[in-house]
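Asker: from the sequence below, what's the structure:
(one chain, ligands or ions: 3)
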Amino acid sequence: MDNNISVQMKVETGDAGYVLEDVPHLSDYIPNLPTYPNPLRSNPAYSVVKQYFVDADDTVPQKVVVHKDGPRGIHFRRAGPRQRVYFTPDEVHAAIVTCGGLCPGLNTVIREIVCALYHMYGVTKVLGIDGGYRGFYSKNTITLTPKVVDDIHKRGGTIIGTSRGGHDKPKIVDSIQDRGINQVYIIGGDGTQKGAAVIYQEIRKRGLKAVVAGIPKTIDNDIPVIDKSFGFDTAVEEAQRAINAAHVEAESAENGIGVVKLMGRYSGFIAMYATLASRDVDLCLIPESPFFLEGEGGLLEYVEKRLKDNGHMVIVVAEGAGQELLAAETLNSATAQDASGNKLLQDVGLWISDKIKKHFARQTSMPITLKYIDPTYMIRAVPSNASDNVYCTLLAQSCVHGVMAGYTGFVSGLVNGRQTYIPFNRITEKQNNVVITDRMWARLLSSTNQPSFLRPKEVEVQKQVEAQTIEGENSKPNDI
Ligand SMILES: Nc1ncnc2c1ncn2[C@@H]1O[C@H](COP(=O)(O)OP(=O)(O)O)[C@@H](O)[C@H]1O
Ligand SMILES: O=P(O)(O)OC[C@H]1O[C@](O)(COP(=O)(O)O)[C@@H](O)[C@@H]1O
Ligand SMILES: [Mg+2]
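Answerer: Ligands and ions are numbered 1, 2, ... in the order given. Modelled structure (predicted):
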């Protein structure tokens, strides 16, 4: 039995540069496991569906924009029910845990895992682990049944609680082993899935017939490979209410400015999409695109121009934007961290509001009215919207199908519109960020008409780079 993650990575290659980044399976380390016909075969709802079961060889390409002679590239195993399963209903003892920050849709995912286990696979032992990873060893568990979870998708938050910190591998795996848990469903972001990978490895090292599967959660949409994370749509939609309020306030006053802070510690996706959706925003600031305040081409010059031209303006700022400017100014460390090792941020919304107010206070000719709105925790506490509810259902059901089929060490994720099983390391090795040389950021810049905040010298360098870049070379595979 090996416990080396690089050895465990299952990669298969095929013709024309085809690569399958496969996920581990119980049979990789436990020989001669019995299998059983999938109970869905006799489920009245599914038995009438032709080709309901996924072909064992189905895979999904990561890159759908291809060139005639280019390699076929990386693929992931397609999610869905298999003809045979590796657990009998009576044998299953499942546990669900939610970790990290809140996100719309957590309750829907919990609900749909419970319902899929009960209704599709006849499983009746499902536990909720209370309060994140530390709940495995320091708290009571919560019994989850379809009745308990019936209407939880209409509520924000997570009914089983969440936390940061508390990942203690030996204690968690001891608890899994002692309680006889053999299916662990872990819902959380990059940090959580790194923790899930460690739990999977320890379980494998101990030779336990227990599978570990993740469902990626991040309101910031900063997990790579997947099309988008659940709750992101809801967050963008909810952000509109704050932006609308900021716009109403700004429009109603002479030289009115509305500032809205949105989430996004390292990635500005919520701010970018909320800005694009709104069309009322004049300036969007994200962590990926540095800016400066004073002088030619700076933020304050743009604000002044915008007020002169239009009489009011709306600024959307992602919470992780401009942090280096704040740290330099306040002499506070830019490296302070929370219990999970996430960067602790200073309030860029307050800071920028203050800077703008002070700038205009110096010029008595232009009095302004500035209103600052911070809806961040209100946004992530709402229940998921309709489209996220459907998405959460697909993620949860796909995850349960994979687990029942004996796959382990994977997350359930949407890739190019198809549900897939992705190995942990592929979604934790890097972060998904807004690429400011992609077309989406260009769309944003053209919709707000804001400056790029490149200094004259940087513009020159940028031009030289562009001149050397072959068209399309900079694009992410799936830039739209
Ligand atoms: N590298 C890691 N290894 C093991 N556990 C981790 C790691 N990073 C974070 N965790 C654990 O994952 C949980 C959630 O992490 P956090 O970063 O707060 O949220 P998210 O999963 O949303 O990124 C916490 O309990 C934390 O202790
Ligand atoms: O105050 P908390 O609970 O640490 O959470 C705040 C942070 O969590 C986030 O919402 C991101 O969390 P996820 O991406 O893991 O969902 C950030 O945008 C925000 O800075
Ligand atoms: Mg994280």
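Asker: C-alpha only now, for contacts and for neighbours.
Answerer: OK.
Asker: interface residues of the stretch 101-250 of the chain facing ligand 1?
Answerer: Within the stretch 101-250 of the chain, the residues that sit near ligand 1 (Cα under 6 Å from any ligand atom) are 101, 133, 163-167, 188-192, 194-195, 218.
Asker: one more time with 5 Å, if that's ok
Answerer: Residues of the stretch 101-250 of the chain lying near ligand 1 by Cα under 5 Å from any ligand atom: 164-167, 188-192, 194-195.
Asker: and those, which of them are in helices?
Answerer: Those of those mapping onto helices are 190-192, 194-195, per DSSP state H.
Asker: neighbour count and pLDDT for those - can I get that in TSV?
Answerer: Supplementary listing: these in TSV, determined by neighbours: other Cα atoms under 10 Å; pLDDT from 0 to 100:
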residue	neighbour count	pLDDT
D190	22	93
G191	17	93
T192	27	96
K194	17	96
G195	19	97
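Asker: closest to T108 among those residues?
Answerer: T192 (18.4 Å; Cα to Cα).
Asker: helix or strand for K228, just tell me which one.
Answerer: K228 is part of no helix or strand, with elements assigned from DSSP states H and E.
Asker: nearest spatial neighbour of it, chain-adjacent residues omitted?
Answerer: N221 (6.0 Å; Cα to Cα, 6 or more residues apart in numbering).
Asker: confirm that that neighbour sits in a helix.
Answerer: No: counting by DSSP: H, G, I helix; E, B strand; the rest coil, N221 is not found in a helix; it is coil.
Asker: give me the pLDDT for it.
Answerer: In this model, N221 is scored at 96, pLDDT.
Asker: likewise E460?
Answerer: If you check E460, the pLDDT there is 68.
Asker: what is the burial count for the closest residue to ligand 3 within the stretch 251-400 of the chain?
Answerer: Nearest residue of the stretch 251-400 of the chain to ligand 3, counting by Cα to the ion: N342, 6.6 Å away. Residues lying near N342 (other Cα atoms under 10 Å) number 14.
Asker: for it, give me its contacts.
Answerer: Taking Cα atoms under 8 Å, 6 or more residues apart in numbering, we find N342 in contact with no residue.
Asker: can you tell me how far it is from ligand 2?
Answerer: Here the criterion is Cα to the nearest ligand atom, to the nearest Å. By it, N342 lies 8 Å from ligand 2.
Asker: check the gap between that residue and L325 for me.
Answerer: Separation of N342 from L325 (Cα to Cα, to the nearest Å): 19 Å.
Asker: what of Y377?
Answerer: Taking Cα to Cα, one finds Y377 at 24 Å from L325.
Asker: pick out whichever of these two has more residues nearby.
Answerer: Comparing Y377 with L325 by neighbour count (other Cα under 10 Å), the higher total belongs to L325, at 17 against 12.
Asker: for the helix or strand where that one lies, what is the distance to the chain centroid?
Answerer: Following DSSP H and E, one finds L325 within helix 323-330. The chain centre lies 27 Å from the centre of helix 323-330; the measure is Cα atoms, centre = their mean, to the nearest Å.
Asker: try stretch 393-410
Answerer: Centre-to-centre, stretch 393-410 and its host chain are 18 Å apart (Cα atoms, centre = their mean).
Asker: since that was my last question, I'll sign off now.
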